[in-house]
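Asks: Dropping a prediction and its sequence here:
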Amino acid sequence: MAVYIVLLGPPGAGKGTQAKVISEKIKLPHISSGELFRENLKAQTELGKLVQGYIKRGELVPDEITIGMVKERLEREDCKEGALLDGFPRTRAQAEALAQMLAQKGETVDAVPYIAVPPKVLIERLSGRWSCRAQGHVYHEVYNPSKIRGVCDVDGSDLYQREDDRAETVENRINIYFEQTSSLIDYYRSRNLLLEVDGTKPIEEVSREIFLSLEKVV
Ligand code: ADP
Ligand code: AMP
């Protein structure tokens, strides 16, 4: 049986940060829908051109486009043992589409760590975030600085500030999370899959809490 883990939480909760640690430890590919979109934006593919307006404004990309992209990614060879999903699903329709695409392979979502962080902390996190151009490693200028300013510790690539991390877009993204995504907390809780962790603790402590909660699953 393959293992599918969904990381849930608002923008800036630490999903990408934790996904890098978890995916290395449990040897599952980290599939971030945001990263997939950004790769397409960088390469200016048709998909990239189609979604750039939504991303720039901090809005959700329509379900049909997002679901198609993630489905295609999950069908690749490296996902045959499962995947660690970050940023997907973000709507009820996406959650149902995920359940359906896994059911076709006789699989299900196995666990949903939910990284809980209140809105006022999120703004500070996103405004200080620096992301690596090559592989999306994330840093924070105060809470998790890179060893050399502007350079990724892992792969040496440039660090940059995401356009959608600007103050005016951040607020929009957090509001959209509460309007369209936060109901997935109950969706997964009612299916006994939700594992809530306190995301305000330091990065290593959050990792420890997630690993403890996942012990029964992986
Ligand atoms: P998400 O993927 O959920 O949007 P990230 O993993 O990119 O969030 O984290 C957002 C920002 O917060 C980054 O700058 C990251 O370094 C920082 N961060 C992540 N987890 C913590 C934490 N537990 N404490 C403090 N800062 C954190
Ligand atoms: P993220 O890297 O997860 O913060 O995502 C960056 C942006 O990509 C979001 O603000 C959305 O515009 C878009 N995006 C990422 N994942 C999804 C998704 N599951 N559904 C819709 N839009 C998404």
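Replies: Perfect, thanks for sending it. Ligands and ions are numbered 1, 2, ... in the order given.
Asks: Give me the distance between the residue in the chain that ligand 2 sits nearest to and ligand 1.
Replies: Closest to ligand 2 within the chain is G34: 1.9 Å, counting by Cβ to the nearest ligand atom. Every C-beta, even on glycine, is put in place using the N, C-alpha and C of the backbone. Taking Cβ to the nearest ligand atom, to the nearest Å as the measure, G34 and ligand 1 are separated by 7 Å.
Asks: Let me see the contact set for that residue.
Replies: G34 is in contact with G16, D86, G87, counting by Cβ atoms under 8 Å, 6 or more residues apart in numbering.
Asks: any idea which of those has the most stuff around it?
Replies: Among the contacts of G34, the one with the most neighbours (other Cβ atoms under 10 Å) is D86, at 25 neighbours.
Asks: if we can go back for a sec, next, format the contacts of G34 as JSON lines and append pLDDT and distance to ligand 2.
Replies: JSON lines is the format used below for the contacts of G34 (pLDDT from 0 to 100; distance: Cβ to the nearest ligand atom, whole Å):
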{"residue": "G16", "pLDDT": "97", "distance to ligand 2": "7"}
{"residue": "D86", "pLDDT": "98", "distance to ligand 2": "7"}
{"residue": "G87", "pLDDT": "98", "distance to ligand 2": "3"}
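Asks: Now do the residue of the chain closest to ligand 2 against L41, distance only.
Replies: From G34 across to L41, the span is 10 Å (Cβ to Cβ, to the nearest Å).
Asks: Tell me where the chain has strands.
Replies: Under the criterion DSSP state E, the chain contains strands at 3-7, 30-32, 82-86, 112-116, 129-132, 138-140, 159-160, 194-198.
Asks: To F178, which of those strands lies closest?
Replies: Between F178 and the strands of the chain, the tightest spacing by Cβ to Cβ is seen for strand 112-116, at 12.9 Å.
Asks: Mind listing what's buried along the closest one?
Replies: The neighbour-count check on strand 112-116 (16 or more other Cβ atoms under 10 Å) flags V112, P113, Y114, I115 as buried.
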